[in-house]
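> From the sequence below, what's the structure:
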Amino acid sequence: EGKAMLLLRSVSSVARRRFAAAAVVPRALSTTTAASSEGGEKLTYRAETQSLLRIVSKALYTEREVFLRELVSNACDALEKVRMLRVAGEESGEEELRVRIKVDEAAGTLEVSDNGIGMSKAELVSNLGTIALSGSGKVREDAPAAELIGQFGVGFYSAFMVGDSVEVASVGLSGRGGRFVSSLEESYEVFDFSGPRGTTVTVRLKEDAKAEFCDLEKIRAIVSKYSKFARFPITVGETAVNTEALWTKKPAEATKAEYDAFYRSVFKAWDEPAFVEHFSADAPLDIKALLFFPSFHTETMGMARLEPSVSLYCRKVLVESPCRDLVPDWMRFVKGVVDSEDLPLSISREKSQDKMLLDKLKDVLVRKTLRFLRDRLEKDRDAYLKWYDSFGAFLKEGICHDHARRQDIAKLLFFDTSKRPEEKTSLDEFVSRLAPDSSEQEEEDFIYYLQAPSRDLALASPYYEAFKKRDKECLFVYATIDDFVMSNLGEFNGRKIRPAEAFQAPPDRQEHAPATSALTEWFAQTLDDRLEACELTANLVDSPAVVADAEHAAAMRRMMLLVNQQQQPNTAPLPKQKLLLNPDHPTIQALDDLKLHNHDLAATLAHQLLDNALVAAGLMDDARLMLPRLNKLLQLAARAATAAPPQEQPETSPESLGDLPPAGAPATPPPTTANTTAS
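Numbers count the residues shown, from 1 in each chain. Model (predicted):
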């Protein structure tokens, strides 16, 4: 009712007279006329106007199918003007306002007709004989509430992209009519014409356009693509091709069935949307948006990459599909439409003129989407987590690429943790279980995560032992991209995020014997080409050794491997490592003694111990390189066991393995007799 009152105030008698304006001499024409061979008038274009018309008809648009969008939009504007007059009580007709499209394959013509405002002969000369004169633009000045499409006054000339000639037969409100015929040559002709109110545009198609634009199915597809949501009914042949623009409804008025039908029809989808976001906003300009969150995507299991699927409309007419400037690439899972009546467009109406404005629109859409997903999470956690299982990788991608919004996106992430095997945990929930934050954050208060292929392997990792011993919770992450996510995130809610490899438990052991402590020096000297340092650690319980690097070497190595898989097969050599030894482990204690009796064997075991630690850290690029050494150790272990009397068969210690070449030495056949001793 409020809108109707606004229309009543807007549509004045002045506006009505503008709809049926008297003839004016177009500035773009010569005032010289001549008699037509058929009794009409022949008017001549000025030279500069003719050149401009050729540019508009041949170089303005990227796709020639756009001419249908332009002609249909003009027809809808003519219908809208009649609708406004009816609202104002200045037109009493009751016939349905509609657009009809027909083709005549034999004649090679395409016809677009409407029963809208129409034009007299003088108006045809004024509106069609003058380029860049927009009748709709004039009306919009007097009636801003009008839902008019045209802006620039050049759309009609797009018909010459596919037509040798164009004829416009029209009758205005006054009952006077005219017929305009042009082939875009030096002149055009106008004639008197009578008939019912409305306009019919007939395009005589070029030879190379007949096959494409005499095909009714092709015409339906084009009209559906650009004008599917036009306000007025459009029929191609006898088939209706447009439907209601669902986004113009209030969210409370739209039903789930309507949303599902719209989603399947517009996006050719077979699944049901998991969520639907329907909203309007008035900054930076007035927009209406309808966004869908699918329940399935093609990137699952390595299928085709998703492409952006948010289309930009202006007054229900397609401008760009998809509009890649509307949402960031990580939001390519979203499908939908965004419509604005105030969007500044390029003259071809195929792009927005204002890139900065589109950036602001993008910011609005991202903020609204993140807020919507948080709302879904709060209202229906199970439904959100079901959707997250399939689409969480897109949110993680957003953290890596969208630095300005990474903290907001991080609130939507979920992970496994060491203490809660049955449910996933958000970062907010994880932080709430940590010790209260303090001004000087200790390492114990950091968020630690452990990367592993599975939960079982995470629980078996030597890096988890320190957390298990201290009953400290740790995040478990299983995807390679999670390393990128955590390193890009850096911190969350003021808590630093660190890999489990960087965790340093406070000392809880007494001083170790000098002999055991001296083992670290021996390791550093023996593995000088592979180690930068060797120290004792209190982090380990069941494992003899781990490698550690405060600079996240393991995480960075995994990321480099992921990138190199896409770009090049070779990876940079592994840098020297820092090896941490568990002084309480039997292997370390035995090795401390073995180095005094059999240096070569001890050195080989030291190399193997380091390789085992690299495998546990995910730093071993190719574990096959250590197979010769492992096979030799197995061989010597078996010989040591069989050399002992059957009744004894004790466990074999490292000392019983005899001589073994150091790591890196070429494998040689075993000697006939092994120098082994059963311990």
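> where in this structure is pLDDT low?
Filtered on pLDDT under 70, the chain yields the residue ranges 1-39, 46-49, 129-153, 301, 347, 437-444, 506-516, 549-572, 644-679.
> Just the residues contacting the longest helix along it, thanks.
The helix that spans the most residues within the chain, counting by DSSP state H, is helix 355-379. For helix 355-379, contacts defined as C-beta atoms under 8 Å, 6 or more residues apart in numbering pick out 275, 277, 279, 281, 283-285, 287, 289, 291, 310, 323, 325-328, 331, 334, 338, 340, 343-344, 352, 383-384, 387, 402, 405, 408-409, 411-412. (Glycine included, C-beta is placed from N, CA and C.)
> Filter these down to the buried ones.
Buried members of those, scored by 16 or more other C-beta atoms under 10 Å, are 275, 277, 279, 281, 284-285, 287, 289, 291, 310, 323, 325-328, 331, 334, 338, 340, 343, 352, 384, 387, 402, 405, 408-409, 411-412.
> ok, back up a step: would you mark the buried spots in the longest helix of the chain?
Buried residues in helix 355-379 (16+ other C-beta under 10 Å): 357-358, 361-362, 364-366, 369-370, 372-373, 376-377.
> Please state the offset of that helix from the chain centre?
The chain centroid and the centroid of helix 355-379 are separated by 13 Å under C-alpha atoms, centre = their mean, to the nearest Å.
> Skip the chain neighbours and tell me the closest residue to Arg83.
Sequence neighbours aside, Leu97 is the residue nearest to Arg83 in space, at 6.3 Å (criterion: C-beta to C-beta, 6 or more residues apart in numbering).
> ok, that neighbour - contacts?
Leu79, Val82, Arg83, Asp114, Asn115, Gly116, Phe232, Pro233.
> show me where the stretch 101-250 of the chain has helices.
With DSSP state H, counting those that start in this stretch, the ranges of helices along the stretch 101-250 of the chain come out as 121-128, 135-142, 207-213, 216-227.
> Other residues contacting the longest one?
Translated: helix 216-227. Applying C-beta under 8 Å, 6+ apart, the contact partners of helix 216-227 are 65-66, 68-69, 72-73, 76, 101, 103, 110, 212-213, 234, 236-237, 239, 241-242, 317-318, 321.
> Write the PyMOL selection for whichever of those residues are buried.
For the buried members of those, the matching PyMOL selection, counting by 16+ other C-beta under 10 Å, is:
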select buried, resi 65+66+68+69+72+73+76+101+103+110+213+234+236+241+242+317+318
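> The longest helix of the chain: what's the following helix or strand?
On the C-terminal side of helix 355-379, the nearest following helix or strand under DSSP states H and E is helix 381-401.
> Report the distance from whichever helix or strand comes after that next one to the chain centre.
Downstream of helix 381-401, the next assigned helix or strand under DSSP H and E is helix 406-410. How far helix 406-410 lies from its chain's middle: 16 Å, per C-alpha atoms, centre = their mean.
> So which elements touch helix 406-410?
Using 3 or more C-beta pairs under 8 Å, 6 or more residues apart in numbering; DSSP states H and E as the contact test, the elements touching helix 406-410 are helix 381-401, helix 481-489.
> from those helices, which stretch is densest packed?
Among the helices and strands packed on helix 406-410, helix 481-489 has the highest mean neighbour count (mean count of other C-beta atoms under 10 Å), at a mean of 20.
> Tell me the gap between whatever helix or strand comes next after it and the middle of its chain.
For helix 481-489, the succeeding helix or strand toward the C-terminus, using DSSP H and E, is strand 491-492. Here strand 491-492 is found 24 Å from its chain centre; the criterion is C-alpha atoms, centre = their mean.
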